[in-house]
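Asker: Kindly generate the corresponding structure for this input.
(2 chains)
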Amino acid sequence: MVPRRAESLACALMGSAGLVMVIATPHLIAGHNPDQPYYLQSAFFPWLALTIVCVFGFVGAFQAFAGVERVQSDEIESGDSSVALGVLGMIIFGLSVLVSLTFGYAVCVWASAMSLGLLARLSLKMCVFISSTLAAALYGIFVIGFKVWFPSAWILS
Amino acid sequence: MVEILASLNSVFSVPVFLAIFVGSVLGIVVGVLPGIGPGVAIAVLLPLTYGMSPLAGISVLLGIYCGAFYGGAITSILIRTPGEASSIMTMFDGYPMAKKGEAGRALSVAFMSSFVGGIFSAIAIALLAPYIAKFTSRFGAPEFSATAALALMCIAKAYKGQFSISMMSLGFGLFMGTIGIDQTSSENRFTFGRPELLTGVPLVPVIIGLFGIAQGLILFATKPKPMNIEIPDSELSWKGFLEPFKYKATLFKSVLLGTAIGVLPAVGAALSTSLSYFEARRTSRNPDSFGQGNPEGIVAAEAANNSNSGGAMGTVLTLGIPGDAVTAIIMGVFIVHGVYPGPQLFVEKPELAYGIFSSLLIINVVIFVILLMTTKYIVRLVKVEERILGLIILSLCFIGAYSSATSYYGVLIALIFGVVGWGCAFLKIPVIPMALGLVMGDFFESSLRQTLNISSGSWLIFWERPIAGSIVFLTLIILIGPVFGFIHRLLKQ
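Answerer: Reported below is the predicted structural model:
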């Protein structure tokens, strides 16, 4: 049984966060009335949910640390995916909101697909082909077809 | 039966039939493409359904759901790569057949078995659903809250060796569902003065983030692999289509098992395929041939695999309880369209409830016809690079999250939950319970508080009602069972 330290730490953190939130809950509900019967209080269900997070977070942390085996499930598998590339992908995804506001949606799709493609070491030809096709297809389907409204590009106004 | 025939009218309307066709094609493609499951595809393609009627929108998603089962068999048989856990059993006999030059025969057996399973389960559940709905219409708040608790417990229990972590994930999902205005007291919970949070955490961006963005990031950052996949000749054969009927008993048992297991929350298709496969092997005259290219193994696995879909939809429609990620997302589509699944659906909107079953029937026929004509070409999709798929998924997630509320707030929420889902994939923390907790949180809270309100806070009300009491008893066994098991193991060590 091999200890899974990262998983154990994440669970312990979740458990601790749950505990903190259990204590903080009455302060985070506007107009919370502690004099009501418990089942009428709006904090009742959050307390229940957070107690589950707290108790099972700590138990899970212990089990992961003890290396209790688990079986394959239908969950997403990380496989041999690179963490650094994933983080860069996230940053590009976040930045695409700014690109969309400044240059418009079509440019945002083109630019983000192009930069993600280059980051993933796809050939330049392939990147241009995919990003142009994606930008044209998504703009055509969603903006023209489904009439999804985007604010005008800041640069054009 | 009359209602089902009447609902065929609406299913054959142009928009719904088109939705079925598009969903079926997408589903088959998703099943064949590496690294994408039906859950991810449905999450990413959700925005396509916004402008549609509820039946058309749900039909697209059901098409993807069922199509992926058929498509999954293709990769299992041809390149020994099951896209889903439920396709593993098909691989055991399908791949040896393909290696012997019988790939077309194996695919024909798989498609026909899936077809029989899909059709049978849709008819069986359509006939049974009104009776289940009639029975559950007598349920009050205590029964509903007990059923919700049991379903959630089953979901967490589905993760062997990870019960505690999946319970933690489930608790987090339930907590997320409490953000916003409390419907009973109208107090603002955890909104931090932000008006966007008053209506709660939006479900669609969360699902797009947890499943779509997380999977997109993982695929995009996957190391490039050499593309030297050899695809065997996959010409379908009519002889192969008739072969499943040689194993009538196996076919029948597998379909029954698949449908029955599909009804149970969280148990999933993977268990039904393995149970059917091992049962077929146990009762076979030639059990040693299993795993070496026996078509009976494919019949058992595929018939059980596809018959799960009907059972799973039966639980959603009659109880309003989703059993897995896919049905949770489909339930989210119901809610987006203002339709609340449960026993009342059969009284208030029978045309929709029966329309969904008819749609399931037609989807199986459409998928079968599409596969007959296009399998030769579709199999080439197995060569698509995962990095390219990642790019496409991320682009679709952006527009999907934005168009859910036509605002960048949706994109922000999707990105946050994308990071959560991505991190959970690396840490092996299950996110499906989190999504199900969020979907069912409202229902569970309102029925539980209503129950306690009736009993003035006494939990004994559950024991005073036989159905609720039995369900709570089952739930407690599931909850406490692992604790005893864990203590027993510790003592043994």
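
Asker: use CA for all of it now, contacts and neighbours both
Answerer: Will do.

Asker: what residues does whichever helix or strand residue A:48 is part of touch?
Answerer: Using DSSP states H and E, residue A:48 maps to helix A:44-66. Applying C-alpha atoms under 8 Å, 6 or more residues apart in numbering or on different chains, the external contacts of helix A:44-66 come out as A:1-5, A:7-19, A:21-22, A:25, A:38, B:162-165, B:167-172, B:174-175, B:178, B:445.

Asker: Okay, buried residues for that helix please.
Answerer: Across helix A:44-66, burial judged by 16 or more other C-alpha atoms under 10 Å in any protein chain shown covers A:44-65.

Asker: mind checking how far the residue positioned nearest the centre of chain A is from residue B:393?
Answerer: In chain A, the C-alpha nearest the mean C-alpha coordinate belongs to residue A:90, at 9.3 Å (C-alpha atoms, centre = their mean). Relative to residue B:393, residue A:90 is positioned 13 Å away (C-alpha to C-alpha, to the nearest Å).

Asker: so what are the domain limits for chain A?
Answerer: Residue ranges for the domains of chain A, per automatic domain parsing: A:5-66, A:83-145.

Asker: mind putting these in JSON lines, mean pLDDT included?
Answerer: Formatted as JSON lines, the domains of chain A follow (pLDDT from 0 to 100):
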{"stretch": "domain A:5-66", "mean pLDDT": "92"}
{"stretch": "domain A:83-145", "mean pLDDT": "91"}
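
Asker: Distance to residue B:101 added to these, as TSV?
Answerer: Shown next, in TSV, are those (distance: least, C-alpha to C-alpha, whole Å):
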stretch	distance to residue B:101
domain A:5-66	45
domain A:83-145	35
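
Asker: for these, which one ends up most surrounded?
Answerer: The highest average neighbour count among these, using mean count of other C-alpha atoms under 10 Å in any protein chain shown, belongs to domain A:5-66 at a mean of 20.

Asker: Strands along the stretch 101-250 of chain B, start to end?
Answerer: With DSSP state E, counting those that start in this stretch as the criterion, the stretch 101-250 of chain B has strands at B:180-181, B:188-189.

Asker: average model confidence for the first one?
Answerer: Read it as strand B:180-181. For strand B:180-181, mean pLDDT is 92.

Asker: Then the last one?
Answerer: This predicted structure assigns strand B:188-189 an average pLDDT of 93.

Asker: Verify the stated contact: residue B:169 with residue B:428.
Answerer: No: using C-alpha atoms under 8 Å, residue B:169 is not in contact with residue B:428; the gap is 11.3 Å.

Asker: so what's residue 80 up against?
Answerer: No chain was given, so I picked chain A. Contacts for residue A:80 (C-alpha under 8 Å, 6+ apart) come out as B:222, B:223.

Asker: wrong chain, I was asking about chain B
Answerer: Counted by C-alpha under 8 Å, 6+ apart, residue B:80 has contacts B:91, B:95.

Asker: helices and strands around the longest helix anywhere in chain B, which ones?
Answerer: The longest helix of chain B (DSSP state H) is helix B:103-136. Contact here means 3 or more C-alpha pairs under 8 Å, 6 or more residues apart in numbering or on different chains; DSSP states H and E; on that basis helix B:103-136 packs against helix B:54-79, helix B:88-99, helix B:238-242, helix B:248-263, helix B:295-319, helix B:350-378.

Asker: What residues of the helix or strand following the fourth one count as buried?
Answerer: Secondary structure here is assigned by DSSP H and E; on that basis, the next helix or strand after helix B:248-263 toward the C-terminus is helix B:268-283. Neighbour-count burial for helix B:268-283, with 16+ other C-alpha under 10 Å as criterion, is recorded at B:268-281.

Asker: Save the residues you listed as CSV, and put in distance to residue A:129 and pLDDT too.
Answerer: Converted to CSV, the buried residues of helix B:268-283 look like this (distance: C-alpha to C-alpha, whole Å; pLDDT from 0 to 100):
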residue, distance to residue A:129, pLDDT
B:268, 39, 66
B:269, 38, 72
B:270, 38, 75
B:271, 42, 78
B:272, 43, 82
B:273, 41, 87
B:274, 43, 84
B:275, 46, 86
B:276, 46, 89
B:277, 45, 90
B:278, 48, 89
B:279, 50, 89
B:280, 49, 89
B:281, 50, 89
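
Asker: Quick check: of these, which lies closest to residue B:93?
Answerer: residue B:277 (10.3 Å; C-alpha to C-alpha).

Asker: which residues of chain A fall in strands?
Answerer: Secondary structure of chain A by DSSP state E: the strands cover A:29-30.

Asker: Please spell out which residues along stretch B:465-484 are buried.
Answerer: Result for stretch B:465-484 [16+ other C-alpha under 10 Å]: buried residues B:467, B:468, B:469, B:470, B:471, B:472, B:473, B:475, B:478, B:479, B:482.

Asker: now that stretch: mean pLDDT?
Answerer: Rounded mean pLDDT across stretch B:465-484 is 84.

Asker: who touches that stretch?
Answerer: B:142, B:143, B:146, B:147, B:149, B:150, B:153, B:154, B:157, B:462, B:463.

Asker: In the stretch 51-200 of chain B, where is pLDDT below threshold?
Answerer: Scanning the stretch 51-200 of chain B for pLDDT under 70 picks out B:83.
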